[in-house]
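Enquirer: fold the stuff below for me.
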Amino acid sequence: MPKAIRIHETGDPDVMKWEDVDLPAPGKGQVRIRHKAVGVNFIDTYHRSGLYPVPLPSGIGLEAAGVVEAVGDGVTNLKEGNRVAYGAGPLGAYSEAINAPANRLSKIPDGVSDEQAASLMLKGMTVRYLFKETYPVKKGDTILFHAAAGGVGLIACQWARDLGVNLIGTASTEEKCALAKEQGAAHVINYSKEDVVARVKEITEGKGVPVVYDGVGKDTFEMSLDCLQRRGLLATFGNASGPVTGVDLGILTQKGSLYVTRPSMMDYLTTDEELERSAADVFDAVARGAIKIDVNQRYDLKDAVQAHKDLEGRKTTGASVLLP
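Expert: Residues are numbered from 1 along each chain as shown. Modelled structure (predicted):
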């Protein structure tokens, strides 16, 4: 009987419990995956805390890599022994094994490790939809990306460099700023010491940026608006500091007829074709050497509580994985 991290109530990291789970044979259209590595993402903390409600009790986690060990009826695209990964669910990736829809899985190419794949799918596809669909960046653009030394941020730094985009990254320490710079950020701002708005205006010669990608949320919302040029777009795609609430829309007029969007990756992967195209782009970027995944934190799967404490305490850089 496999084990998994489960939640029976929402709250702080200690609500996560290490339990035995009953896993039946895969149903029609499903395969059973024996996980080799599980990705840790901020959205997992939103499910755990109740910010994004899920029916309880529940598994947790949306991203993992592993090996197909059983195939259900009707599955023709996968077979036992295939290495696969996913980054858009099903919910319950913090587990030793799971049954998943075969059509929502991607085969892991040769040369990509299980740990890399488990760190790449959700984060990489997030950067892809932000850069190619939410606001399609173009060569020569100067953009602002908050939390540039995090798991999503470091991929964004590298992909921006590959696209010829000048990424201004923010981070909380000199060490994190140096890491973002090393990974491709054209400019870095230590928000603990520097005035972000003033530095952005200095870098852009007073114009501001056409787009801000903000996964932080409440703490950076107004700052992000103030970094935008007239009719610029704020893509607020996460809530690491808490959700943005109580906004007077008049502020968008006052600051230059600005646009704000709150995108979710799931709305960019609604069809199998969209998922296939997104995963292919991500794996292509890795194959070309445009993106390199650094797994900087590893935890035993049963130690997910500590992984969440470190993530929310801003003690991590790059990717974190849980190892079954």
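Enquirer: and the residue nearest the centre of the chain, how far from Tyr135?
Expert: Nearest to the mean C-alpha position of the chain, by Cα atoms, centre = their mean, lies Lys123 at 3.2 Å. Lys123 sits 18 Å away from Tyr135, going by Cβ to Cβ, to the nearest Å. The C-beta positions use only the backbone N, C-alpha and C, and glycine is treated the same way.
Enquirer: returning to what we had before: the residue nearest to the centre of the chain contacts Asn41, doesn't it?
Expert: Yes - counting by Cβ atoms under 8 Å, Lys123 sits close enough to Asn41 to count as a contact (6.9 Å).
Enquirer: which stretches in the stretch 151-300 of the chain count as helices?
Expert: Under the criterion DSSP state H, counting those that start in this stretch, the stretch 151-300 of the chain contains helices at 151-163, 174-182, 196-203, 221-227, 250-254, 272-287.
Enquirer: would you turn those into TSV with distance to Ile108, mean neighbour count and mean pLDDT?
Expert: Shown next, in TSV, are the helices of the stretch 151-300 of the chain (distance: least, Cβ to Cβ, whole Å; neighbours: other Cβ atoms under 10 Å; pLDDT from 0 to 100):
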stretch	distance to Ile108	mean neighbour count	mean pLDDT
helix 151-163	17	25	95
helix 174-182	26	19	95
helix 196-203	38	18	97
helix 221-227	35	22	96
helix 250-254	42	11	95
helix 272-287	8	17	92
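Enquirer: take the ones you listed and write them to a markdown table, including distance to Glu312.
Expert: Converted to a markdown table, these look like this (distance: least, Cβ to Cβ, whole Å):
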| stretch | distance to Glu312 |
| --- | --- |
| helix 151-163 | 13 |
| helix 174-182 | 16 |
| helix 196-203 | 22 |
| helix 221-227 | 19 |
| helix 250-254 | 28 |
| helix 272-287 | 26 |
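Enquirer: out of these, the one nearest Thr142 is which?
Expert: Across the helices of the stretch 151-300 of the chain, Thr142 has its closest neighbour in helix 196-203 (7.0 Å, Cβ to Cβ).
Enquirer: quick one: end-to-end length of stretch 125-144, please.
Expert: Taking Cα to Cα, to the nearest Å, stretch 125-144 runs 19 Å from one end to the other.
Enquirer: do the same with stretch 167-179
Expert: 13 Å.
Enquirer: likewise stretch 43-54?
Expert: End-to-end distance of stretch 43-54 (Cα to Cα): 12 Å.
Enquirer: that's a strand at Thr316, yeah?
Expert: No - per DSSP: H, G, I helix; E, B strand; the rest coil, Thr316 lies outside any strand segment and is coil.
Enquirer: that one against Asp310, yeah?
Expert: Yes - assessed by Cβ under 8 Å, Thr316 is found in contact with Asp310 at 5.3 Å.
Enquirer: right, and Ala70 touches Pro26 too?
Expert: Yes - Ala70 lies in contact with Pro26 (Cβ under 8 Å); the separation is 5.4 Å.
Enquirer: A helix includes the residue nearest to the centre of the chain, no?
Expert: Yes - counting by three-state DSSP, one finds Lys123 located in a helix.
Enquirer: confidence score at it?
Expert: Confidence at Lys123, expressed as pLDDT, is 92.
Enquirer: between Lys123 and Asn41, what contacts are shared?
Expert: When Cβ atoms under 8 Å, 6 or more residues apart in numbering defines a contact, the residues bordering Lys123 and Asn41 alike are 63, 151.
Enquirer: ok so, going back, who touches both of Thr316 and Asp310?
Expert: Counting by Cβ under 8 Å, 6+ apart, the residues touching both Thr316 and Asp310 are Gln297.
Enquirer: which residues does the residue nearest to the centre of the chain contact?
Expert: Neighbour list for Lys123: 39, 41, 63, 87, 151-152, 155, 319 [criterion: Cβ under 8 Å, 6+ apart].
Enquirer: what does Ala148 give?
Expert: 154, 156-157, 167, 169-171, 176-177, 180, 185, 188.
Enquirer: just the pLDDT for it.
Expert: At Ala148, pLDDT is 95.
Enquirer: tell me how far the nearest residue to Leu275 once chain neighbours are set aside lies from Lys207.
Expert: Nearest residue to Leu275 in three dimensions, chain neighbours excluded: Leu269, at 4.7 Å (Cβ to Cβ, 6 or more residues apart in numbering). Applying Cβ to Cβ, the value for Leu269 to Lys207 is 34 Å.
Enquirer: in terms of packing, which of those two has more residues around it?
Expert: Between Leu269 and Lys207, counted using other Cβ atoms under 10 Å, the more crowded position is Leu269 (21 against 14).
Enquirer: that one and Asn103 touch, don't they?
Expert: No - at 11.7 Å, Leu269 does not count as touching Asn103 under the criterion of Cβ under 8 Å.
Enquirer: thinking again about what came up before, out of the contacts of Lys123, what pair is the most spread apart?
Expert: Among the contacts of Lys123, Glu63 and Ile155 lie farthest apart (Cβ to Cβ), at 13.0 Å.
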